[in-house]
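Q: here is a sequence with its predicted model. Questions after.
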Amino acid sequence: MSMKTYRAKAAGWIAGRRVAAGEEIRLTAAQAKYEPVELAGAEAASVAKSATETAKPARKAKAAAKPAAGDVEPVPATDPATPTPEADPA
């Protein structure tokens, strides 16, 4: 596999060695896959350019499914806050 230059996003251990935040290191794509790194320099620019050229347009969101008749809780005919004549003690 070909090695590429990556930049560490944070200080810590990357591929078995201690690095500082922002330090550039050489890794294969397989090594960089699970490390907190990003492509550095001209390689990052070429990848970003090719990604925008091949990007597909976003899909439209699907409408929410309508609930079946048995799934809906019946709504009371009157507002529960207003007293009914049976509940009115006066």
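A: That came in fine, so what should we check first?

Q: quick one, helices of the chain?
A: Secondary structure of the chain (DSSP state H): helices at 29-32, 41-54.

Q: worst mean pLDDT among those helices?
A: In terms of mean pLDDT, the lowest-scoring of the helices of the chain is helix 41-54 (a mean of 65).

Q: quick one, what contacts A10?
A: If you count contacts by CB atoms under 8 Å, 6 or more residues apart in numbering, A10 has them with 21, 36. For every residue, glycine as well, the C-beta is placed using N, CA and C.

Q: that should have said T5, apologies.
A: 24-26, 39-41, 43.

Q: how many residues are close by Q31?
A: 18 (other CB atoms under 10 Å).

Q: what sits against it?
A: A15.

Q: going forward, count from 4.
A: Done: numbering now begins at 4, and the last item shifts to Q34.

Q: do you know how far the residue nearest to V22 when sequence neighbours are not counted is from M4?
A: Excluding the flanking residues, the one nearest V22 by CB to CB, 6 or more residues apart in numbering is A11, at 4.6 Å. Plainly put, A11 is 20 Å away from M4 if you go by CB to CB, to the nearest Å.

Q: could you do L30 as well?
A: L30 is 10 Å from M4, by CB to CB.
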